[in-house]
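Chemist: Here's a sequence, model it:
(4 chains)
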Number of protein chains: 4
Amino acid sequence: MPKKIRLGILGGGGDSLIGVLHRVASFINDNYEIVGGCFNPDWDANIAFAKEIDVPTNRIYKDFDTLVEEELKLPAEERIQVCSILTPNFLHFPMAKKLLDNGFHVICEKPMTTTLEEAKILQEAHKKAGTVFALTHTYTGYPMVRQMREMIKAGVLGKIHKVDARYYQGWINTIIHDKEKRSSVWRLDPKKAGISSCMGDIGVHAFNLVEFTTGLKVKSLLCDFNYLYEDNQMDVDGTVLIRMGDHVKGVIRGSQVATGEENGLAIAIYGEKGAFRWEQEKPNFLYKMSDTEPLQVYKPGHAYNSELSLDGTKLPAGHPEGIFDSMANIYKGAAKAIRGEKYNDGEFPTMIDGVRGMNFIESTVESHKNGNTWIEME
Amino acid sequence: MPKKIRLGILGGGGDSLIGVLHRVASFINDNYEIVGGCFNPDWDANIAFAKEIDVPTNRIYKDFDTLVEEELKLPAEERIQVCSILTPNFLHFPMAKKLLDNGFHVICEKPMTTTLEEAKILQEAHKKAGTVFALTHTYTGYPMVRQMREMIKAGVLGKIHKVDARYYQGWINTIIHDKEKRSSVWRLDPKKAGISSCMGDIGVHAFNLVEFTTGLKVKSLLCDFNYLYEDNQMDVDGTVLIRMGDHVKGVIRGSQVATGEENGLAIAIYGEKGAFRWEQEKPNFLYKMSDTEPLQVYKPGHAYNSELSLDGTKLPAGHPEGIFDSMANIYKGAAKAIRGEKYNDGEFPTMIDGVRGMNFIESTVESHKNGNTWIEME
Amino acid sequence: MPKKIRLGILGGGGDSLIGVLHRVASFINDNYEIVGGCFNPDWDANIAFAKEIDVPTNRIYKDFDTLVEEELKLPAEERIQVCSILTPNFLHFPMAKKLLDNGFHVICEKPMTTTLEEAKILQEAHKKAGTVFALTHTYTGYPMVRQMREMIKAGVLGKIHKVDARYYQGWINTIIHDKEKRSSVWRLDPKKAGISSCMGDIGVHAFNLVEFTTGLKVKSLLCDFNYLYEDNQMDVDGTVLIRMGDHVKGVIRGSQVATGEENGLAIAIYGEKGAFRWEQEKPNFLYKMSDTEPLQVYKPGHAYNSELSLDGTKLPAGHPEGIFDSMANIYKGAAKAIRGEKYNDGEFPTMIDGVRGMNFIESTVESHKNGNTWIEME
Amino acid sequence: MPKKIRLGILGGGGDSLIGVLHRVASFINDNYEIVGGCFNPDWDANIAFAKEIDVPTNRIYKDFDTLVEEELKLPAEERIQVCSILTPNFLHFPMAKKLLDNGFHVICEKPMTTTLEEAKILQEAHKKAGTVFALTHTYTGYPMVRQMREMIKAGVLGKIHKVDARYYQGWINTIIHDKEKRSSVWRLDPKKAGISSCMGDIGVHAFNLVEFTTGLKVKSLLCDFNYLYEDNQMDVDGTVLIRMGDHVKGVIRGSQVATGEENGLAIAIYGEKGAFRWEQEKPNFLYKMSDTEPLQVYKPGHAYNSELSLDGTKLPAGHPEGIFDSMANIYKGAAKAIRGEKYNDGEFPTMIDGVRGMNFIESTVESHKNGNTWIEME
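Modeler: All right, here's what the predicted structure looks like:
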């Protein structure tokens, strides 16, 4: 294995949850070394955080543009190779584009951009750049999600005819029911949070999981949002009817007001010959169903699993790995790509997932605003 | 307790599953004695079955009309008091109507009728008759379903803002995927099976559960069916968006092609202050969720349960009671009503549930045929 | 099917839980008719209860001896064929013996007797009588318990090398921690309750389940009880090490002070080729484990189940049947035997289970009193 | 936060599972930097592994003694501060002792030593050294294990009267049933593996969990092993009766032949006022039981959890953390101690746990060899 990949971090300082998730994920398989970045627009906070996590301060930059400018002055063998973009959503696009345009690899949080138009521009930039772009749809890194994908690809379910996914959380209840809070929080301000709350933040994960596992594409959708209050302009709940081909239908359900739900991402996929059920909160249990045979429970680390699944497990069966390990698998796949090593399709989500995601989000909003009509996805 | 109620059975002979379910349910609380009926239109089978279950053959009739005619000749204190209607769906309406018109009490399987129009006529007949009409939405008899209802009524969840119900089965897979079978089976022949397969047979149970537990009414719905094959005319899968009031939304999902699902009726109800989850296949576990407190698991038979719930439990906590016991609770409630005893709202589903159910089924079909538009329920 | 079997009930009146369990079980498969009995030593209560459940009062007797005397005067074709003994434990033996001696069939609650000596006498009486004797170890009637037994018999697990059973309840906590209560309740008075509380009441069920499912016999055991308080003379908790052959070992754990446990009977059986886990509170889920294959979940009603299992299921998979249905299966097996029909081994527990159970209970007490030494079972 | 702690690793090279577990755990909270070590006695493998994980090779040493010698020559501010001992068991003692004697901090895998005598010597050495010694009983790092401990300490269960722990695995089945394998593998060779297989490797974890969570000490025990074959000299299965005070009893069950079990560590603790159940394979669900209230399910990350629990959670509720995160929590606690920061009792297992563990292992062996007699623990 060559030396560790030189990683720069954008955002993710202080108590940022996404920060610790990416940082740990980068460490887990001994592939990356954090050599610099810009954790915070505030210089004091930026430097303080670098010291707190013991990253050398000489390559901590005052802002993103300076980072690019200064790093480009360094010889290629010292330069940051890849940046992880963990900033607020509206910055994903300009940062990712500039990085790609300047020959950096990019690991980017979702949603990839704030509009489909931006996503397509980024896609073009990526084609020209020829560097690696990985989108952190974290949940695709779970060994059992990978196992579903591989078994479906191998035809274990036969033709798929129905998909049912949901992503239910309840955390926005504490905000939405308080008139003052719901009118002041940035999350519910369309100017700051973009066109969608529930679908943009979590529904898109469920959508991605549907396409990632089935290998099918959503062709059209019909969506109904719930805003809960007249004075709230952002969707906090929504149900999306989907069509994925002739007589292949399904539903994607998202909510941030599903009281008591924590991080309830789940999927069920039904085919002619069998079905799968999986839930994110019990990620190491994959249920394979059949009309005639006993239900089977697949678990990570067993020899019966696919190569893609086993590549994402570090310990034998029965030793629970979690979301940090899942994200680490995406970083591991990206590391292979950055190093030009062989890797399998599915090891990390790509630009295509990003474009599809933005297409999904915009389509749900359009359907709802149109009075719940069917929208064709591109 | 007075003497056992004299019960007549219509249909349910031979290996009929619904037959054994009702028969056992009628026995469980020592309330009913089967004194006659007509189990089968074939006379030999009719009599043979009566002998098999050791019911005296002198009041086994060759057909329904004869039953009514002959029983009316008997003195009131010997006459059948209540008939259970377990015949094919299209017979529910004429039988129930004639029974009501002649002063009998009725216990009727769902769907109550084949059209909403019939349902309304029956409702009128019932008003005139003044006898008891119980509709066997079996699942409302489970102690934990009753507990949900009572806790919601008591305000434990606060204002409800979201409901998510499903009824998933996979059994029709073995028929639908076979061209010959799907074109010949009565279940998928609109002339024999009525206007809907999935919604008529099981979706309506989910709908009933939603209204039974929340106390809310579905005001409008939008439905998309899946027929799976061009040459199939009956819905075998469908998703229904529902609206239950201002900003109170939800979804009802039904399927007969959800491969590997057995009898997957489930409901989740989310309110401002808490939420419930319940699954029919684990009927004795009721999950109460909160955004801030540990999840709670309610079980039958504990003193913390409501009167309505405890009335449906015969043994202490930890002794699983099942679907026969659930149906028996409905028979128990009906017995109280037939005897003129005091009983609580919710002890058995009524004519109103039947009318609502037919309204739901017709509305889903109308919405789908209209191109997935919103339909107002009455 | 011949006419219903004429059943007499001894005990089980009023609010008796065991009463309703047996009564319902006798009804469920249309095999029995309650024609008489003695529900209560108090005459008024006896008659009142008969009226409450609408059993004709002409064959309700003032006491057990009168019942036998009077019934014997009736012609055989009218006479009670079988009596269910639901009385306090100390009456099981004298009643069962007299019934057998007089040519009646017997269905008897456990523990069969109060001592092993009585059990052996009863066994002799049974041999002479030649009538049917069924012991209601209720849990053996569950379809998934039967499925375990049949699969093990068929060699699916290979050689068994370890068994782990438990029966944990918490209900005695409310008594045992109160000095007054624990010194006054009959359950903890050795004179009234017999030599063992925890092992006699519930541990023996776990023991029975071990022998029923594995087909192996416990050869020796070592037991340690917990009395919890110096002034308490009855075991309320105990752990039993068992040996079932060369290098075949296991443990049976029983407790009535396992706080919060309701009716926690469970078993795990480990063999060279596979293993089973089953829990009474989720009786319709049987877990088959393997070191190399995905875990499998067996459920009742599927065609993959054994004949013995399927014979105990009335509805298709996914319709939960419970403890009443389980007991009903034992009544169903006994009915076949009483009618002289063919039945399979395992359809109901027999005299042999009763003798083994008493042997187990006495051995645990002996081991504990001896200072936790190994006791050979007969 | 000061700079990262300088960590040396002993053992854990190549595909070592324990190696990756410790390495990742050391990274997770940004506390440690691996600056050197000796991964492998083979020099080429040693260096190759250092390169593979991109650790500078200048402080990779040919053997342990050289490491100590060379590091002591370095100025204190450059010197390795703490070594993680991941070598085969028999090396734990000599390495740990020499490290402590020379003023290093130690993080040590279990079992701490091979005998109780060694453990006591080490304890003395530790007292003299005054440095930090952390024993990696990994499972004590789980947030829900910590939550149990804190709630028990706060009196939530009242007086504890019963404990039931198990650690079941099935992996040794593939060896033990093969005569050739079982006579040749080092795991089953007492000369190489020490006095106990099952209790030494996993039973001791269950024992540790019992004492860690309850705060009680096992006072005496009685143990029965199963060797499965005459020609096998090592326990692969065992049941241990324990006594923890007057009328406080319990059982610890361990097995490596529990077919199909993966890493089945679990505990149930019953007290006068409540009880807990927890299972390692679903580590983020803690069940609190009561005789009268609904069961409660505690999950990590909620504000209702204790400080000790919350300190071990990095993400909000619903984001599963696993065994790497659990081990990381132990490393985090040790880091606080190494830096002289304030930390809470329970943040990492100590020398005392190590001595207790060896005492437990030796006592189980002694009890079994004595013919299953009671052994007093020190």
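Chemist: My read is that A:R149 contacts A:V210, right?
Modeler: No: between A:R149 and A:V210 there is no contact under Cβ atoms under 8 Å: 11.2 Å. Every C-beta, even on glycine, is put in place using the N, C-alpha and C of the backbone.
Chemist: strand partners of the one helix or strand A:I269 maps to, parallel vs antiparallel please.
Modeler: Using DSSP states H and E, A:I269 sits in strand A:264-271. Under the criterion DSSP bridges, strand A:264-271 sits next to strand A:160-168 (antiparallel), strand A:275-279 (antiparallel) in its sheet.
Chemist: Tell me what angle the helix or strand hosting A:K336 forms with helix D:323-338.
Modeler: Using DSSP H and E, A:K336 sits within helix A:323-338. Between helix A:323-338 and helix D:323-338, the angle comes out at 100 degrees (axes from the mean of the first three to the mean of the last three Cα atoms, to 10 degrees).
Chemist: List the buried residues of the helix or strand following helix A:323-338.
Modeler: Downstream of helix A:323-338, the first helix or strand assigned by DSSP H and E is helix A:351-369. For helix A:351-369, burial by neighbour count (16 or more other Cβ atoms under 10 Å in any protein chain shown) applies to A:351, A:353-365, A:367-368.
Chemist: Check whether helix A:351-369 comes near chain B.
Modeler: No: Helix A:351-369 stays clear of chain B (Cβ under 8 Å from any Cβ of the partner chain), getting no nearer than 10.9 Å.
Chemist: where along chain A do the strands fall?
Modeler: A:5-11, A:32-38, A:82-86, A:105-108, A:133-135, A:160-168, A:220-226, A:237-245, A:248-255, A:264-271, A:275-279, A:286-289, A:295-298, A:375-376 (DSSP state E).
Chemist: just the strands paired with strand A:264-271: most buried one?
Modeler: When those are scored by mean count of other Cβ atoms under 10 Å in any protein chain shown, the highest mean neighbour count falls to strand A:160-168 (a mean of 26).
Chemist: Residues in contact with it: which ones?
Modeler: Residues outside strand A:160-168 that contact it (Cβ atoms under 8 Å, 6 or more residues apart in numbering or on different chains) are A:152, A:202-203, A:205-207, A:209-210, A:214, A:216, A:242, A:244, A:247-255, A:258, A:261, A:264-272, B:164, B:226, B:228, B:237, B:253, B:255, B:257-258.
Chemist: Derive a ChimeraX selection command for the buried subset of those.
Modeler: In ChimeraX, this line selects whichever of those come out buried by 16+ other Cβ under 10 Å:
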select /A:152,202,203,205,206,207,209,210,214,216,242,244,247,248,249,250,251,252,253,254,255,258,261,264,265,266,267,268,269,270,271,272 /B:164,226,228,237,253,255,257,258
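Chemist: Find the nearest non-adjacent residue to A:M199, please.
Modeler: A:T364 (4.7 Å; Cβ to Cβ, 6 or more residues apart in numbering or on different chains).
Chemist: hang on, the one you found packs against A:G238?
Modeler: Yes: here A:T364 lies in contact with A:G238, judged by Cβ under 8 Å, at a distance of 6.4 Å.
Chemist: Pull up the overlap in contacts between those two.
Modeler: Common contacts of A:T364 and A:G238, defined by Cβ under 8 Å, 6+ apart, comprise A:199, A:203, A:223, A:225.
Chemist: contacting residues for the last one?
Modeler: I take that to be A:F225. A:F225 makes contact with A:198-199, A:235, A:237-238, A:364, A:368, according to Cβ under 8 Å, 6+ apart.
Chemist: what number of residues lie near A:Y142?
Modeler: 28 (other Cβ atoms under 10 Å in any protein chain shown).
Chemist: related to what we said a few turns ago, can you put the contacts of A:F225 in CSV and add distance to A:S26 and pLDDT?
Modeler: As requested, the contacts of A:F225 are exported to CSV (distance: Cβ to Cβ, whole Å; pLDDT from 0 to 100):
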residue, distance to A:S26, pLDDT
A:C198, 29, 97
A:M199, 29, 97
A:D235, 33, 97
A:D237, 34, 98
A:G238, 33, 98
A:T364, 32, 98
A:H368, 38, 98
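Chemist: near chain C, which residues of the stretch 151-300 of chain A?
Modeler: Residues of the stretch 151-300 of chain A lying near chain C by Cβ under 8 Å from any Cβ: A:288, A:292-299.
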